[in-house]
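A.B. asks: predicted model and sequence below, questions to follow.
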Amino acid sequence: MSDRYQGHTGPVARMMSTFAVLAVFLVTGFLFHLILWVATGRIYYQLEGLGPLLFEAGRAAWTIVVLLAACALAWGGLPEVLRRLQVVWSPMALAWGMSGAVTALALAWVATKLLGEPIGYATTLPSRSRATVAAALLHLFVLVPASEELLFRGLVQTHFIQTAGSIAGVGTSTLLFGLWHLPSDIYFGRLRSYPLQAWACRWIQLYAGGMILGMAVCLSGTLFASLFMHQFIILAAFVVFPYLERMPRRG
């Protein structure tokens, strides 16, 4: 086993480090929601204009800063943090990311064919200005993949692989990855009265995707594999597929 997966020295150390990892997950995932609700009485999906985009971008940036700061306090300088989180370049990262994305998208297509459309989110921008489009692209292709991969496949998965093995590591990171998206699933699922099949389709796609992201990192040894995979999936979901749907059909 590689040295990046060597475990902690004792049960107390493992328990304390597990509490620390879960604390980072809770602070980065839900503190912003709580502060906004206390301050305004609303959740961020109810904000107007650029509010939802700015909130999500802020939470993603907050996640990156808190995670790297917490890890730096525990492990030392940034180079050591990046090494432990497996942010190391590999020439095969792009290939692993592409193959993982194709697999996840194929499974998502099968689930949609069997169960129908999953729970969907509002993805239209309130403005088409260059600044708005640039902010949305920065959020979708940089902040979202970087924050979620550093947190789930970098910190959570690596920690639980160290303490409980590969299956527990991938499984725990996938479970928490799903819980991270649960508030938006509940909000839009209830708002639009989606049927049970839509919930099932969404969760199959989400958890299958999370598991494949985790396996890509395990097999490649680099977080860049899941980062590229995440970006490919976002590109397909928000750019390629909507473009193909708008194309006129012949015949």
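C.D. replies: Cool, got the structure. Computed from a predicted model, the values in this text were never measured in an experiment.
A.B. asks: so which strand or helix has Gly29?
C.D. replies: Per DSSP states H and E, Gly29 falls inside helix 11-40.
A.B. asks: and that helix, how far out from the chain middle?
C.D. replies: Mean C-alpha position of helix 11-40 versus that of the full chain (Cα atoms, centre = their mean, to the nearest Å) differs by 16 Å.
A.B. asks: nearest residue to the most centrally placed residue in the chain other than its sequence neighbours?
C.D. replies: Using Cα atoms, centre = their mean, the residue of the chain that lies closest to the mean C-alpha position is Glu148, 3.7 Å off. In this structure, Glu148 finds its nearest non-sequential neighbour in His230, 6.8 Å apart by Cβ to Cβ, 6 or more residues apart in numbering. Glycine gets a C-beta too; all of them are placed from N, C-alpha and C.
A.B. asks: let me see the confidence value for that neighbour.
C.D. replies: Looking at His230, its pLDDT stands at 97.
A.B. asks: one step back: pLDDT averaged over the helix holding Gly29 - what is it?
C.D. replies: 87.
A.B. asks: other SSEs contacting it?
C.D. replies: With contacts taken as 3 or more Cβ pairs under 8 Å, 6 or more residues apart in numbering; DSSP states H and E, helix 11-40 sits against helix 51-75, helix 157-164, helix 166-191.
A.B. asks: okay, buried residues for the second one please.
C.D. replies: Of the residues in helix 157-164, those buried under the neighbour-count criterion (16 or more other Cβ atoms under 10 Å) are 157-163.
A.B. asks: and for stretch 44-62?
C.D. replies: Buried residues in stretch 44-62 (16+ other Cβ under 10 Å): 44-45, 50-53, 55-57, 59-60.
A.B. asks: same question, stretch 129-141
C.D. replies: For stretch 129-141, burial by neighbour count (16+ other Cβ under 10 Å) applies to 135-136, 139-141.
A.B. asks: what does stretch 20-28 give?
C.D. replies: 20-21, 24-25, 28.
A.B. asks: just the CA trace of that stretch, in CSV.
C.D. replies: The C-alpha coordinates for stretch 20-28 follow below in CSV (Å, rounded to 0.1, in the frame of the first residue of the first chain):
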residue,chain,number,x,y,z
ALA,A,20,-11.9,16.9,12.7
VAL,A,21,-12.8,15.6,9.2
LEU,A,22,-16.5,15.6,9.9
ALA,A,23,-16.3,19.0,11.5
VAL,A,24,-14.7,20.4,8.3
PHE,A,25,-17.6,18.7,6.3
LEU,A,26,-20.2,20.3,8.5
VAL,A,27,-18.7,23.8,8.6
THR,A,28,-18.1,24.0,4.9
